[in-house]
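K.L.:
Return a 3D structure for these sequence lines:
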Amino acid sequence: MGLQTMSSIRYGDGRSFLKWAGGKTRYADQLVSIAPKFDGRYFEPFMGSAAVFFELAPAKASLSDANRELVVCFKQVAENPEKVLALLDEMPNTREFYNQERARDVAGMSDLERAARVIYLNKTGFRGLWRVNRKGGFNVPYGEYDRPYYNRSVFMAASRALQGVEIQHRDFTAALAEAKAGDWVYLDPPYIPLGGWSDFKRYTAEQFGEEDQHRLAVAMREAGSRGVFVTMTNSATPLTEEIFAEFNVMRMATRRDINLQAKSRGSWDLVFTNYEIPSVGGEGAEEPALF
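P.N.:
The predicted structure follows:
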């Protein structure tokens, strides 16, 4: 199927309690607008900020991620929101405290403390990045932002939305293997880089590389063979189109906030599906895309 262009249809706000680099808060409504007509569970194996989940608000859902700290955070927001907020209220927005918190060994922390740490580092670190070194140590610099760590109404709404949701620390292959006919899986993996592989987007100690992209394509194909609906977003590169060539594809206009060069922030992502995407670019549209 050729590239097509999509109009934005507003379903909700898709707001998360986290600002996640590469997250889909701005585009959640567009992605939900091309959701298949599914009657099973919703899966988001690369949950990040889970913006699409919050936009969709599914009755049955499974969220998961390879980032253990992120999973701990989501579980505590679901189970103990007031306690997490109480800890955040005690954490000053200063460079000294940020550096101390960044250097802490999570092995000796409670799950509540780990959850508050994730939110604090996410909201006070540079541009919402989550980046670790080869040993798994968080290494994002202080962001110098004068703003609250959370919006209480958004935070509590997120906690309510997470009630009854399965939240797991696991590889994406486990989630795709669990999905059954009639389920919908939305995948937002670390993107194939536009300018070569580097450590800049190392979300976990084990970097997500080209081999993992091929594993993802295989897992998507296998899930599809069982009747699972699959949607995946990734970068617009020749390698991306080659690896995922068997799937339907459309373009999605995006904005890159992490790139400091403003003139370079506008770009396209690719959206792949294993189901037919409705024509949304209007009659006579040559390239269906989300914009």
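K.L.:
ok, how many other residues are close to C73?
P.N.:
Using other Cβ atoms under 10 Å, C73 has 25 other residues around it. Bear in mind the C-beta positions are built from the backbone N, C-alpha and C, glycine included.
K.L.:
Can we start the residue count at 54 from this point?
P.N.:
Done: numbering now begins at 54, and the last item shifts to C126.
K.L.:
Specify the local secondary structure of it.
P.N.:
Secondary structure assignment for C126 (DSSP: H, G, I helix; E, B strand; the rest coil): helix.
K.L.:
pretty sure it is touching I172, no?
P.N.:
Yes. Using Cβ atoms under 8 Å, C126 makes contact with I172 at a distance of 6.6 Å.
K.L.:
what do these two both touch?
P.N.:
When contacts are counted by Cβ atoms under 8 Å, 6 or more residues apart in numbering, the set common to C126 and I172 consists of L71.
K.L.:
mind listing the strands for the stretch 54-203 of the chain?
P.N.:
95-97, 114-118 (DSSP state E, counting those that start in this stretch).
K.L.:
The closest residue to M144 other than its chain neighbours and E299, how far apart?
P.N.:
Spatial nearest neighbour of M144, excluding adjacent residues (Cβ to Cβ, 6 or more residues apart in numbering): Y173 at 5.0 Å. As judged by Cβ to Cβ, to the nearest Å, Y173 and E299 stand 42 Å apart.
K.L.:
Who has more neighbours out of these two?
P.N.:
For the pair Y173 and E299, the greater number of neighbours falls to Y173 (21 against 11), based on other Cβ under 10 Å.
K.L.:
Tell me the pLDDT of that one.
P.N.:
pLDDT for Y173: 96.
K.L.:
now swap in G334 and tell me
P.N.:
49.
K.L.:
what's A230 in contact with, if anything?
P.N.:
A272, E275, A276.
K.L.:
hang on, the residue nearest to M144 packs against Y202?
P.N.:
Yes. Applying Cβ under 8 Å as the test, Y173 and Y202 come out as touching, 6.0 Å apart.
K.L.:
tell me, what's touching the two both at once?
P.N.:
Counting by Cβ under 8 Å, 6+ apart, the residues touching both Y173 and Y202 are L141, M144.
K.L.:
related to what we said a few turns ago, can you add mean pLDDT and distance to T226 and give the strands of the stretch 54-203 of the chain back as JSON lines?
P.N.:
Compiled in JSON lines, the strands of the stretch 54-203 of the chain are given as follows (pLDDT from 0 to 100; distance: least, Cβ to Cβ, whole Å):
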{"stretch": "strand 95-97", "mean pLDDT": "98", "distance to T226": "12"}
{"stretch": "strand 114-118", "mean pLDDT": "98", "distance to T226": "11"}
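K.L.:
out of these, deepest packed?
P.N.:
Highest mean neighbour count of the strands of the stretch 54-203 of the chain: strand 95-97, a mean of 25 (counted as mean count of other Cβ atoms under 10 Å).
K.L.:
so N301 touches I330, yeah?
P.N.:
Yes. The criterion here is Cβ under 8 Å, and N301 meets it with I330 at 5.6 Å.
K.L.:
between whichever helix or strand R213 is part of and strand 114-118, how many degrees?
P.N.:
For R213, the host element (DSSP states H and E) is helix 205-214. Here helix 205-214 runs at an angle of 110 degrees relative to strand 114-118 (axes from the mean of the first three to the mean of the last three Cα atoms, to 10 degrees).
K.L.:
what's the average pLDDT for the next helix or strand after helix 205-214?
P.N.:
Next in sequence after helix 205-214, counting helices and strands by DSSP H and E, comes strand 219-222. The average pLDDT within strand 219-222 is 98.
K.L.:
With only the CA atoms kept, save strand 219-222 in PDB.
P.N.:
Taking Å, rounded to 0.1, in the frame of the first residue of the first chain, the C-alpha atoms of strand 219-222 are listed here in PDB:
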ATOM      1  CA  GLU A 219      -1.900  -4.800  33.500                       C
ATOM      2  CA  ILE A 220       1.500  -3.100  33.800                       C
ATOM      3  CA  GLN A 221       4.500  -5.300  33.300                       C
ATOM      4  CA  HIS A 222       8.300  -5.100  32.800                       C
END
